[in-house]
Every structure is written in C-alpha cells, then in structure tokens.
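Student: Below is the sequence, then the predicted model.
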Amino acid sequence: IVTIKHPSLVTYEQLYNDHSATLQCPCSQISISYEKFLNITYILHQVCTSDFVSPKWLTYLSSFDPTLVPSWTETPFSRDFRTIGASYFQFLATFCSLSQININNALNVFINTKFINDHVLPPSLFAQQTQAMIESFIDSTKNNFARTLDWIHITFTTSYFLIGRNINFL
C-alpha cells in the first residue's frame, strides 16, 4: 500500500485512471457544504423584472381616477383597463415577489446542506450525485411553491363561499 497525503486533483485523477479498482482515498474532511462546490443561479420570468411590476407603474394605476374616463368610451364589451388594472398588476407583482422569496429560502437551505462522504468519489459518480441533488432541489422548490399557491387558492375559495358572491372580501 502506497500512501500519498493530500494529493492534488491532477495526482488523484492520474492515480484513479491507473488504479481505479484498488485506489482508496479516505477524506480528511467527510462533510462539505454544497455552496463550496455548487453555484446555483436562477432567472425569474422576464415579467418579474419588467416595468409592469414596478412601483412606478403600480402607483400610476392606483392613482388613476376612473371618473375621468368619458362615458362614451364605456361599452358592454370594452372598459379602460386602468379602472381594474391596478389590482391585476399588484397581484402579478406579489406573485413574482412570492416566487423570488420561495426560491431564495429554498436556496439558502440547499447551499447550507452538507455533502457527506468518507472517500473521494469517482468523477462520474460525483457528477451523477450532484445532478441528482440539483434536480431534487428544483423539484422540492416547485412543490413547496405549489403548496403555497394551493393555500392561497383555498383562502380565496373559502372567502368566496363564506362571504358570498357579491362581496369582494379579500
């Protein structure tokens, strides 16, 4: 048995290529945070960074006075969207914010999770495990957000049922 303490990555890879069946490489540190070897970034839908969810746009819509809309522009099939647009765009802004909070919270938990192993893994196995961890993170983040949306839906449905059809409680 030959012992090489603290081999470089290049030395380990060469030894692995030459002696993969018999190579043993115990780790001096058996746990490491994912953030030490993974860098995860995300991009929300473009609408979440657009002017349509900006405070300036929301303020503009909220300050619109519907009494200034000429009555001749109102027909049974058309309306000035500014009369109801503020609530729609505010909902969209809240949805984007909730999405970002959900992802950031999940990401903070994920990057502080420890990868634990007492021997160095072959590169292909390490890549497979890393990919599986990332896919699990994405799936669990989606599922958590879906549960949040389910609770919002239940809240609205319950409010609609308890308060009645003609009253906008929430």
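Tutor: Alright, I've got the coordinates.

Student: C-alpha only now, for contacts and for neighbours.
Tutor: Will do.

Student: what about Leu44, neighbour count?
Tutor: By the criterion of other CA atoms under 10 Å, Leu44 has 11 neighbours.

Student: before we move on, what about Met133?
Tutor: By other CA under 10 Å, neighbour count at Met133 equals 15.

Student: that's a helix at it, yeah?
Tutor: Yes: according to DSSP: H, G, I helix; E, B strand; the rest coil, Met133 belongs to a helix.

Student: Can you name the residues that contact it?
Tutor: By CA atoms under 8 Å, 6 or more residues apart in numbering, Met133 lies in contact with nothing.

Student: now it: how far from Thr155?
Tutor: 33 Å (CA to CA, to the nearest Å).

Student: Mind pulling the model confidence for Phe91?
Tutor: The per-residue pLDDT reported for Phe91 equals 90.

Student: Ignoring the adjacent residues along the chain, who's closest to the most centrally placed residue in the chain?
Tutor: Centroid check for the chain by CA atoms, centre = their mean gives Ile103 as the closest residue, at 2.8 Å. If the residues on either side of it in the chain are set aside, Ile103 comes closest to Thr141, at 6.6 Å by CA to CA, 6 or more residues apart in numbering.

Student: What residue spans form the domains of the chain?
Tutor: Listed by automatic domain parsing, the domain ranges of the chain are 1-30, 31-116+121-163.

Student: and Asp139, that's in a helix?
Tutor: Yes: counting by three-state DSSP, Asp139 is located in a helix.

Student: circling back: I'd like to know which of the domains of the chain has the weakest mean confidence.
Tutor: domain 1-30 (a mean of 82).
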